[in-house]
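A.B. asks: no sequence on this one, just coordinates:
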């Protein structure tokens, strides 16, 4: 079935993917995505690995923060908050990516129709 | 077995069979079989991801680990959750846009080469088999404890059930079993957590104050370092947890059950909330068991602590709650193994048989037949392996599955989507390097080799010092893919343009 689909692609060639990839709008989408995804991915991985690094090599997180709750637990809980927060932030941002992507798709659909 | 427990087990079996009967009528095409026709909503798929992900190891294992080792048990909860950021930010949407049924499909969207599909299918099958043996052996041991039936019978019951769901109901039945299980699991966990919190007068500070006097570990209980004393090993395990999820075939397969990348995204968001809340509540399960069951009673029932949650349920709500929790654990196992059978079957029937052997020249009817035969074959193989593996310590099999997923699958998935220069040779060497490094390092690790007879599989001195090789094998996977790419002159920027446009816009 997938081979059949590929043959159809080859015959009708609805999109010029290289042309789209080099279009300013697509480049804009990619740079926006990169500027958002790369720093945040680096951030959450660093934030994540800092916990086992701190607990393995130091005892600074063993001090009590609130009552008997130590900073280890506060840090651990912060990881949950971070995950949910970054999840929500991403969804918001992705709506903008979606708009841009939808524009690219719409523009190229028209061109594709002309080619046919 | 108490009559309530029996009744609840029967209800679960009957309900899931009714779902399977209903789903079977909706499973006529290959796409319906593997991906429920791509017709799930974000909510449904999000719950199904949670149902697929929160295995008995999460529910019973983590509760037990926290009960016995305090904070160290909670490391798993953190790693398993943060992993969803990797899935959401890096993998889910491009995967949905490029793939069809399997991870190999997605990598093949860029490299139309049989050998690439072959190695991707190989790593999928390796992961599924390790994960499956761990689940089935765990299931056998647990049901034996909970219901008092023999190990082989317990494995057989779970094995037959999972085969029925997949064989007749395909992904539709599997998804709904996972959804129902996710709801039941959350319900059980919330109820127990509420009861635990009530015992501490709804004051978390009181809970932390009192827990220090209630366990044999005393003050140490709330600090890390009880179980994980080797710093590098801890970090290595955390690396496998956070990066492995984004390479697990049965989780990634779930993204093909929704119609587009946007729905894939919303399903990760739902899953992240459900999974996150669950893992936060594991604190109450663990602390509760430590306080109201006690370490010695937990260890008496099962040395690894797997009975902590059911015993806590008994302490808080008597026979009924314990029966309910046991039934939920049973449903949990069923939901996870069904998802595993399906992803194993898709690698055999779709990748190896349909695309490599038959070169895609295969009718719809033949595809369905192959899918069903493969499901039965995967199920039988794993039941047999599980029957032989009864005495094995299976904990390392799960960590191995995560490790292979992170080392063999993730580098190639990331490079396929994001690296222009990446090529066929790099894809093949990446998967193989990651796979072999993980397997070999585990084979010579303390999990397999221990100087004391009977502690590990073999008696001997470990050559590799860490129980979890992720910290070496993940970089090895990336490096293998990188070096392999540079060794070959081949590059196809035209194809990459197509992949990057499709991955980011959803164009077909």
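C.D. replies: Everything's here; your move. Only a predicted model underlies this, so the values are computations on that prediction, with no experimental measurement involved.

A.B. asks: does the longest helix seen in chain A come close to chain B?
C.D. replies: Ranked by number of residues, the top helix in chain A under DSSP state H is helix A:71-115. Yes: counting by Cβ under 8 Å from any Cβ of the partner chain, chain B has neighbours in helix A:71-115: A:72-73, A:76-77, A:79-80, A:82-84, A:86-88, A:90-91, A:94, A:97-98, A:101, A:104-105, A:108. To be clear about C-beta, it is placed using only N, CA and C from the backbone, and glycine gets the same treatment.

A.B. asks: who touches stretch B:32-44?
C.D. replies: With contacts defined as Cβ atoms under 8 Å, 6 or more residues apart in numbering or on different chains, stretch B:32-44 is touched by B:26-27, B:29, B:31, B:48, B:100-101, B:170-172, B:175, B:179, B:253, B:256-259, B:263-267, B:269-270, B:342, B:346, B:350, B:368, B:371-372.

A.B. asks: quick one: terminal-to-terminal distance for it?
C.D. replies: End-to-end span of stretch B:32-44 (Cα to Cα, to the nearest Å): 16 Å.

A.B. asks: buried ones in it?
C.D. replies: Neighbour-count burial for stretch B:32-44 flags B:32-40, B:42, B:44 (criterion: 16 or more other Cβ atoms under 10 Å in any protein chain shown).

A.B. asks: run through chain B and note the low-pLDDT ranges.
C.D. replies: For chain B, residues meeting the criterion pLDDT under 70 lie at B:1, B:393-395.

A.B. asks: just give me the neighbour total for residue B:370.
C.D. replies: Residue B:370 is flanked by 21 other residues according to other Cβ atoms under 10 Å in any protein chain shown.

A.B. asks: surely it meets residue B:363?
C.D. replies: No: with contact defined as Cβ atoms under 8 Å, residue B:370 does not count as touching residue B:363 (10.3 Å).

A.B. asks: just give me how far the longest helix of chain A sits from the chain centre.
C.D. replies: 6 Å (Cα atoms, centre = their mean, to the nearest Å).

A.B. asks: other SSEs contacting it?
C.D. replies: Under the contact criterion of 3 or more Cβ pairs under 8 Å, 6 or more residues apart in numbering or on different chains; DSSP states H and E, helix A:71-115 touches helix A:24-57, strand A:64-66, helix B:71-86, helix B:261-292, helix B:493-505.

A.B. asks: what is the neighbour count of the residue in the stretch 151-300 of chain B positioned nearest to chain A?
C.D. replies: Nearest residue of the stretch 151-300 of chain B to chain A (Cβ to the nearest Cβ) works out as residue B:231 at 3.5 Å. Other residues near residue B:231 number 14, with proximity taken as other Cβ under 10 Å.

A.B. asks: tell me the contacts of it?
C.D. replies: Residue B:231 makes contacts with A:56-57, as judged by Cβ under 8 Å, 6+ apart.

A.B. asks: what about it, distance to residue B:462?
C.D. replies: Here residue B:231 is placed at a distance of 17 Å from residue B:462 (Cβ to Cβ, to the nearest Å).

A.B. asks: repeat for residue A:32
C.D. replies: Distance from residue A:32 to residue B:462, by Cβ to Cβ: 48 Å.

A.B. asks: angle of the longest helix of chain A against helix B:71-86?
C.D. replies: Per axes from the mean of the first three to the mean of the last three Cα atoms, to 10 degrees, the angle that helix A:71-115 makes with helix B:71-86 is 20 degrees.
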